[in-house]
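**Student:** Fold the following and give me the result.
(chains A and B, ligands or ions: 2)
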Amino acid sequence: MAEVLVYVDHVDGAVRKPTLELLTLARRVGEPVAVALGSGAGDTAAALAEHGAVKVLTHEAAEYGDYLVVPKVDALQAAVEAVSPAAVLVPSSAEGKEIAARLALRLGSGIITDAVDLEAGDEGPVATQSVFAAAFTTKSRVSKGTPVITVKPNSAAVEPAPAAGAVEALSVSFSAAATGTKVTSRTARESTGRPELTEAAIVVSGGRGVNGAENFAIIEALADSLGAAVGASRAAVDAGWYPHTNQVGQTGKSVSPQLYIASGISGAIQHRAGMQTSKTIVAINKDAEAPIFELVDYGVVGDLFDVVPQLTEEVKSRKG
Amino acid sequence: MSLRIVVTVKYVPDATGDRHFADDLTVDRDDVDGLLSELDEYAVEQALQISENSDDDVEITVLTVGPEDAKDALRKALSMGADKAIHVEDDDLHGTDAIGTSLVLAKAIEKAGYDLVVSGMASTDGTMGVVPALLAERLGVPQVTLLSEVSVEDGTVKGRRDGDAATEQLEASLPAVVSVTDQSGEARYPSFRGIMAAKKKPVESWDLSDLDIDEDEVGLENAYTTVESATERPARTAGTIVKDEGEGGKQLAEFLAGQKFI
Ligand SMILES: Cc1cc2nc3c(=O)[nH]c(=O)nc-3n(C[C@H](O)[C@H](O)[C@H](O)COP(=O)(O)OP(=O)(O)OC[C@H]3O[C@@H](n4cnc5c(N)ncnc54)[C@H](O)[C@@H]3O)c2cc1C
Ligand SMILES: Cc1cc2nc3c(=O)[nH]c(=O)nc-3n(C[C@H](O)[C@H](O)[C@H](O)COP(=O)(O)OP(=O)(O)OC[C@H]3O[C@@H](n4cnc5c(N)ncnc54)[C@H](O)[C@@H]3O)c2cc1C
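**Tutor:** Numbering: from 1, shown residues only, chains lettered A, B, ... in the order given. Ligands and ions are numbered 1, 2, ... in the order given. Predicted structure coming up:
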């Protein structure tokens, strides 16, 4: 069976969930061969093998941390040359898309970004995209070269499928461009202890209606009662009430959880672009005319300062 | 010293309109009003600020690849304060994908001459967020992308990139390609004077032959990707909406329990 390269997103060897999802999708189109780069690359092998990687190509070098994007492109290109895969799959993070694009260009290939599903087709993998703020679903394929496809988080269930996961060192020689953009400093984001926004099964978001940074505590309390991640609208972020990294929408994160709860969010098209594919949508808004109600499975017209704390208490008491 | 900045700006269908696809599965650009992609306003703004903070002689050229109407996007950027504009327009460009678009942009940027390219973080229609990286690869210059802060001094561009896991400070020598996010600072509104002045600013029109691009390198037929189908998402079935009469939170909890979320 043809091999499929899967780019591994990991933090010091801890594989992030979207990569495990990619391994599930990769198995539909071939045999997954994972590529793990940078510090801790070797430590990813066990998790990758557990989820279907027949081989894990690793390479550790300081360049991956010290310079932007290009060293990773060089490495993936080396992996493509070593393996001649039927496709290359990359998680759809901002960086993932940039790596994938440059790789596609070097390979003379097309690129599809933000796939939400992938299946085998007669002429290569067929990717499903959700476009125009999720108003349309398209099916596309790469028609020239080795398909390079980036896939959004939550596009497939993580399925264990033990495979050999044989670790092999990848040999990489960096291009002249590799050291073009220096990372002069890096400040890691502090963990909140809550689930990662794009990976969470439940997201509880607050908007302008939350009316103040201190009031986000009631959004966080609801999130914690449900084991959820916290999101925010751009209005809330722009007001400085919550960090930009938690913004949901076109220019923030796009999320596709099992449950999305929007409080004090009107439902502007740019916000909808980031959450419309959530399985179940719930909104709390005091304006019965708010566009968010067009999307909901369940909506409460009311003051979030009454409804949210009551809901939190009820969740807590039901969970005992 | 002088600094030549090229800002890439895309003309897109208004996101608040009823966007859809034409029969050939390309974006229907006739039915919905177009505008300068809002995220490219941030690129124009940062180019203007780089110019205002510079002791050098700075010239800002805005560049678009798109149909006739795309001139509107250029006018808007000129009225914000850019100096001149280039419009690449050719019937053979219809249906060009990201790889092809980046080829046309890169050739035009080279022909125009540049020290710095400034792009938006993503267009508001394709929303791929890949064109700046593709331009850097094609031009063979550093990419300094997704910046929420940017500055240029002594031939060096510096910026802040807020990633998923960390915030990074980046640095590269010019020439370079930069892209800026909507966190980089509110874009200015064109003043009346700016709008009047824009009418007199030069807009050059180039076609594929001006850029030595063969018609079989671009367009729908030659795209590296093929869209097989586009279907409108079925409207969501109307949900249950209740008015809070004091029990709204409890009712919602009941719904969530019924859906097995609690
Ligand atoms: C290029 C571009 C990109 C953008 N990207 C994003 C993005 O990524 N994410 C995003 O969210 N937005 C984005 N926006 C902004 C978007 O257009 C909206 O401005 C934004 O989503 C509005 O946020 P909001 O719903 O919190 O605020 P508003 O639209 O002001 O809505 C607040 C809502 O809260 C309700 N409310 C007020 N008080 C209460 C209360 N006590 N109880 C209950 N309800 C209450 C009100 O009835 C209202 O419906 C973008 C815009 C542009 C132009
Ligand atoms: C819904 C949809 C899905 C698509 N999916 C794909 C796909 O999977 N693969 C693919 O190859 N193509 C795809 N396309 C086509 C692609 O969007 C266009 O080819 C496009 O011009 C380049 O990508 P982008 O607009 O997404 O640019 P982005 O990479 O999102 O844009 C970033 C920046 O590049 C600059 N820029 C982009 N286009 C232009 C332009 N024409 N003129 C001037 N500056 C520009 C702007 O500064 C912009 O802010 C899709 C188009 C649509 C509408």
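
**Student:** what bits of the chain have low per-residue confidence?
**Tutor:** Since you didn't name a chain, this refers to chain A. When residues are selected by pLDDT under 70, none of them lie in chain A.

**Student:** From the centroid of it, which residue is nearest?
**Tutor:** residue A:153 (3.5 Å; CA atoms, centre = their mean).

**Student:** ends of stretch A:267-281, how far apart?
**Tutor:** The first and final residues of stretch A:267-281 sit 12 Å from each other (CA to CA, to the nearest Å).

**Student:** Which residue ranges of the stretch 151-262 of chain B form strands?
**Tutor:** Counting by DSSP state E, counting those that start in this stretch, one finds strands in the stretch 151-262 of chain B at the ranges B:156-162, B:166-173, B:176-180, B:203-206, B:225-232, B:240-243.

**Student:** how big is the angle separating the third one from strand B:166-173?
**Tutor:** Spelled out, it's strand B:176-180. Strand B:176-180 runs at 150 degrees relative to strand B:166-173, counting by axes from the mean of the first three to the mean of the last three CA atoms, to 10 degrees.

**Student:** Put the alpha carbons of strand B:176-180 into PDB.
**Tutor:** Provided in PDB are the C-alpha atoms of strand B:176-180 (Å, rounded to 0.1, in the frame of the first residue of the first chain):
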ATOM      1  CA  ALA B 176      11.300  40.200   3.100                       C
ATOM      2  CA  VAL B 177       7.600  39.300   3.000                       C
ATOM      3  CA  VAL B 178       5.600  40.300   6.000                       C
ATOM      4  CA  SER B 179       2.000  39.400   6.800                       C
ATOM      5  CA  VAL B 180       0.000  41.200   9.500                       C
END
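
**Student:** Near ligand 1, which residues of chain A are found?
**Tutor:** A:207-209, A:233-236, A:247-252, A:264-266, A:268, A:270-271, A:274, A:284-287, A:290, A:303-305 (CB under 6 Å from any ligand atom). For glycine as for every other residue, the C-beta is placed from the backbone atoms N, C-alpha and C.

**Student:** All the strands of the stretch 101-250 of chain A, in order from the start?
**Tutor:** Taking DSSP E, counting those that start in this stretch to define them, one finds strands in the stretch 101-250 of chain A at A:111-119, A:126-131, A:136-142, A:148-151, A:166-169, A:182-188, A:202-206, A:229-232.

**Student:** Quick check: nearest residue in space to the closest residue to ligand 1 within chain B, chain neighbours excluded?
**Tutor:** Taking CB to the nearest ligand atom, ligand 1 has its nearest neighbour within chain B at residue B:38, 3.7 Å off. Of all residues not flanking residue B:38 in the chain, residue B:124 sits nearest, at 6.0 Å (CB to CB, 6 or more residues apart in numbering or on different chains).

**Student:** For residue 241, the count of nearby residues, please.
**Tutor:** Just going to use chain A. When neighbours are defined as other CB atoms under 10 Å in any protein chain shown, residue A:241 has 21 of them.

**Student:** looking at chain B here, not the other one
**Tutor:** Count around residue B:241 with other CB under 10 Å applied: 13.

**Student:** any idea how far it is from residue B:206?
**Tutor:** 54 Å (CB to CB, to the nearest Å).

**Student:** How about residue B:100?
**Tutor:** According to CB to CB, residue B:100 and residue B:206 sit 16 Å apart.

**Student:** before we move on, what about residue A:70?
**Tutor:** 30 Å.

**Student:** So if I had to pick from these two, which one is more boxed in?
**Tutor:** A count of neighbours by other CB under 10 Å puts residue A:70 above the other of residue A:70 and residue B:206, at 25 against 20.

**Student:** Looks like that one contacts residue A:175 (just checking).
**Tutor:** Yes - proximity of residue A:70 to residue A:175 meets the contact threshold set by CB atoms under 8 Å, at 6.8 Å.

**Student:** what about stretch B:212-219, how long is it end to end?
**Tutor:** End-to-end distance of stretch B:212-219 (CA to CA): 15 Å.

**Student:** hmm, I was thinking of stretch A:231-245
**Tutor:** OK, stretch A:231-245 end separation, CA to CA: 9 Å.

**Student:** Tell me the buried residues in stretch A:65-72?
**Tutor:** The neighbour-count check on stretch A:65-72 (16 or more other CB atoms under 10 Å in any protein chain shown) flags A:67, A:68, A:69, A:70, A:71, A:72 as buried.

**Student:** Quickly check: that stretch near chain B or not.
**Tutor:** Yes - using CB under 8 Å from any CB of the partner chain, stretch A:65-72 reaches chain B at A:68, A:69, A:70.

**Student:** ok, now which ones touch residue B:88?
**Tutor:** Counting by CB atoms under 8 Å, 6 or more residues apart in numbering or on different chains, residue B:88 makes contact with B:63, B:64, B:65, B:66, B:104, B:105, B:108, B:205, B:206, B:207, B:211.

**Student:** Out of the residues you listed, which comes closest to residue A:121?
**Tutor:** The nearest member of the contacts of residue B:88 to residue A:121, counting by CB to CB, is residue B:104 at 28.9 Å.

**Student:** That closest one: which element?
**Tutor:** helix B:98-112 (DSSP states H and E).

**Student:** ok, and for that helix, which residues are buried?
**Tutor:** So helix B:98-112, judged by 16+ other CB under 10 Å, has buried residues B:98-109, B:112.

**Student:** Could you check that helix against chain A for contacts?
**Tutor:** Yes - on the criterion CB under 8 Å from any CB, helix B:98-112 is in touch with chain A at B:98, B:99, B:102.

**Student:** Direction-wise, compare that helix with strand A:136-142 and give the angle.
**Tutor:** Going by the same axes, to 10 degrees, helix B:98-112 makes 80 degrees with strand A:136-142.

**Student:** follow-up on the earlier one: JSON lines for the strands of the stretch 101-250 of chain A, including mean neighbour count and distance to ligand 2?
**Tutor:** As requested, these are exported to JSON lines (neighbours: other CB atoms under 10 Å in any protein chain shown; distance: least, CB to the nearest ligand atom, whole Å):
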{"stretch": "strand A:111-119", "mean neighbour count": "22", "distance to ligand 2": "4"}
{"stretch": "strand A:126-131", "mean neighbour count": "22", "distance to ligand 2": "4"}
{"stretch": "strand A:136-142", "mean neighbour count": "20", "distance to ligand 2": "6"}
{"stretch": "strand A:148-151", "mean neighbour count": "30", "distance to ligand 2": "8"}
{"stretch": "strand A:166-169", "mean neighbour count": "14", "distance to ligand 2": "31"}
{"stretch": "strand A:182-188", "mean neighbour count": "13", "distance to ligand 2": "22"}
{"stretch": "strand A:202-206", "mean neighbour count": "28", "distance to ligand 2": "24"}
{"stretch": "strand A:229-232", "mean neighbour count": "27", "distance to ligand 2": "22"}
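
**Student:** My read is that residue A:223 contacts residue A:232, right?
**Tutor:** No - Residue A:223 is beyond contact range of residue A:232, at 11.3 Å (criterion: CB under 8 Å).

**Student:** show me the contacts for residue 197.
**Tutor:** Just going to use chain A. Per CB under 8 Å, 6+ apart, neighbours of residue A:197: A:203, A:229, A:230, A:231, A:245, A:246, A:248, A:253, A:255.

**Student:** actually chain B
**Tutor:** B:78, B:79.

**Student:** That concludes my questions; thank you for your assistance.
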